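# Here is my input, please return the structure:
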Amino acid sequence: MTAVGAIGGGRADVREPVTRLPSPRGPVTELLFGRLVRPPDGHPLPLDVTGAELTDSDLQLALFVCYELHYRGFQDVDDRWEWEPALLAARAVLERRFEEALAPAVPRPAIEEPGRVRRALNELVAAAEDSSLSRFLAQHADREQFREFVIHRSIYHLKEGDPHTWAIPRLAGGPKAALVEIQSDEYGGGRRERMHSELFRATMRGLDLDDSYGAYLGRVPGITLMISNAMSLFGLHRRLRGALVGHLAALEMTSSVPNRRYANGLRRLGGDADAVRFYEEHVQADAVHEQIAAHDLCGGFAAANPSSAGDVLYGAACALELERLWAGHVLACWENGITSLAEPLPGSPSPERYAGDDRRIRARR
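Have a look, this model is predicted:
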């Protein structure tokens with residue numbers, strides 16, 4: 001088993017934008033990307049995603065790229081596309097299909113009285129299946145498997161906090177103050193080196209991975225993009241702000257134990273203090289955040305917006321179920337001796353590198 005390499009000196013990833021469009025995954029992204037590399041011209045983009053499955057890579061990559069224009073953009077895409085009416089209309093088509101596919105995958109929890117939202121959140125979290133992925137990473141994963149895990153997570157963690165920050169101007173009073181308190185920690189309390197995205201970049205360097213923003217967008221499958229797209233969907237629509245705060249609460253309430261396991265697994269592989277700091281930070285911070293998120297943020301929001309109490313629980317249910325689906329995909333791929341990425345890393349070992357792990361994985365599912 002190869003030990004994790006030295007982290008070495010970091011650099012501030014301040015170049016914006018740094019990412020280029022990835023390769024298309026099908027007819028939707030082929031058409032979309034072909035237009036985005038040219039200046040906006042006002043002509044419609046007839047995207048057809050009729051019947052696309054929830055995890056369809058063509059659908060999810062197209063939607064991710066549309067959303068990314070509201071974050072850090074792409075080097076080869078004119079920034080004027082962000083608010084181009086033709087693109088917003090095309091994005092609406094993608095979003096409708098995404099929401100249609102989400103509905104049967106994540107049934108809406110029973111609507112609760114606003115005063116019971118915190119208890120209902122606790123019940124949802126308690127009933128969620130405890131994925132064996134974090135235990136496998138802690139006890140059995142090899143270096144290449146841990147690298148794959150970190151590549152998947154980089155899609156969100158390198159922008160950590162940003163999707164949920166969209167809710168700040170859409171809240172008021174106590175819930176707004178609660179969200180700002182949580183997000184302040186995500187952004188390092190004003191110190192760049194303590195930003196969670198920067199800590200994650202140190203983890204990536206410790207695993208000899210490219211820590212540039214969006215470096216692995218073209219290598220992750222649709223099921224990984226689906227998780228980030230749900231956050232952006234909730235964040236960019238005021239009508240879904242209840243789902244966004246519930247989503248954040250579920251993440252905070254289920255974070256501490258898995259992150260402790262991730263830290264233990266990375267240490268087992270030779271990771272040093274800088275490499276594991278991201279996970280250790282979440283063990284401590286999220287234990288506090290879960291109380292703020294469940295009580296002050298979600299409870300306060302539901303009390304002020306009783307008609308949106310059900311949305312809070314739906315957002316939490318989406319966070320839990322999409323995470324379960326993604327973890328199942330990763331473990332199933334490893335059990336079958338194949339990479340969990342859409343495209344393996346150059347120079348990575350053959351798929352047979354996982355031979356022999358299947359019984360350990362199966363025993364923990």
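
# for the helix or strand Arg324 falls within, which positions count as buried?
If you go by DSSP states H and E, Arg324 is part of helix 309-335. For helix 309-335, burial by neighbour count (16 or more other Cβ atoms under 10 Å) applies to 309-323, 325-331, 333-335. All C-beta atoms are positioned from the backbone trio N, CA, C, and that covers glycine.

# now stretch 202-220
Neighbour counts using 16+ other Cβ under 10 Å place 202-207, 209, 211-220 of stretch 202-220 among the buried residues.

# Tell me which residues touch Arg91, please.
For Arg91, the contact set (Cβ atoms under 8 Å, 6 or more residues apart in numbering) comprises 63, 66-67.

# Val117 too?
For Val117, the contacting residues are 298-299, 302, 309, 312-313, by Cβ under 8 Å, 6+ apart.

# just Trp81 next, same as before
36, 40, 69, 87 are the contacts of Trp81 under Cβ under 8 Å, 6+ apart.

# Report the secondary structure state of Pro22.
Following DSSP: H, G, I helix; E, B strand; the rest coil, Pro22 is assigned to coil.

# Could you say which helix or strand holds the nearest residue to Asp311 once chain neighbours are set aside?
Excluding its sequence neighbours, the residue lying closest to Asp311 (Cβ to Cβ, 6 or more residues apart in numbering) is Gly242, at 3.1 Å. For Gly242, the host element (DSSP H and E) is helix 241-253.

# now whichever helix or strand comes after that helix against helix 309-335, angle please.
Next in sequence after helix 241-253, counting helices and strands by DSSP H and E, comes helix 256-268. Helix 256-268 and helix 309-335 are oriented at 30 degrees to each other (axes from the mean of the first three to the mean of the last three Cα atoms, to 10 degrees).

# Output the below-cut-off pLDDT ranges for the stretch 1-150 of the chain.
For the stretch 1-150 of the chain, the stretches with pLDDT under 70 are 1-17, 129.

# Tell me, how many residues neighbour Pro39?
If you count neighbours by other Cβ atoms under 10 Å, Pro39 ends up with 11.

# tell me the contacts of Ala101?
Ala101 makes contact with 52-54 under the criterion Cβ under 8 Å, 6+ apart.

# again with Phe278
157, 196, 199-200, 202-203.

# Now do it against Glu144, distance only.
19 Å (Cβ to Cβ, to the nearest Å).

# same thing with Glu290?
32 Å.

# Which one of these two is surrounded by more residues?
Per other Cβ under 10 Å, whichever of Glu290 and Glu144 has more neighbours is Glu290, with 22 against 18.

# mind checking how far that one is from Val220?
The value you get for Glu290 to Val220, if Cβ to Cβ is used, is 27 Å.

# Show the contacting residues for Tyr67.
Per Cβ under 8 Å, 6+ apart, neighbours of Tyr67: 91, 228-229, 232-233, 236.

# Same question for Leu121.
Going by Cβ under 8 Å, 6+ apart, Leu121 touches 246, 249-250, 253, 294, 298, 312-313, 316.
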